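K.L.:
Let's see this in three dimensions:
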Amino acid sequence: MERIYNGMPAGELADEGWRKPWSGGNGGSCVEALRMDDGRVALRQSADPDGPCLIYTGSEMMSFIQGAKAGQADFLLP
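P.N.:
Reported below is the predicted structural model:
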């Protein structure tokens with residue numbers, strides 16, 4: 001596999017293992033997550049499975065999830 005980087009086509013990263021932990025009644029447009037063997041997490045848009053993905057370290061994802069649980073991401077909600 002080539003170098004893993006932010007913005008790489010998600011289809012080049014993995015075909016299997018993507019999960020939809022944040023799916024909902026939004027017409028099928030979901031964020032999908034992939035936990036990689038080295039602990040990093042990739043996110044992609046389910047409506048564009050071969051589109052770009054964002055790569056986060058395990059600690060970055062932990063900080064985001066803990067912050068969201070604490071209400072620090074509430075400003076993102078409508």
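K.L.:
just the helices in the chain please.
P.N.:
10-13, 58-69 (DSSP state H).
K.L.:
Show me which positions of the last one end up buried.
P.N.:
In this case it means helix 58-69. By 16 or more other C-beta atoms under 10 Å, the buried positions in helix 58-69 come out as Met61. Where you see a C-beta, it was placed from the backbone N, CA and C, and this is true even at glycine.
K.L.:
Give me the distance between that helix and the centre of its chain.
P.N.:
12 Å (C-alpha atoms, centre = their mean, to the nearest Å).
K.L.:
one step back: right, so of the helices of the chain, which gets closest to Pro21?
P.N.:
Smallest distance to Pro21 across these (C-beta to C-beta): 10.1 Å, for helix 58-69.
K.L.:
Other residues contacting the closest one?
P.N.:
Gly39, Arg40, Val41, Tyr56, Ala73 (C-beta atoms under 8 Å, 6 or more residues apart in numbering).
K.L.:
Nearest residue to the middle of the protein?
P.N.:
Leu43 (1.8 Å; C-alpha atoms, centre = their mean).
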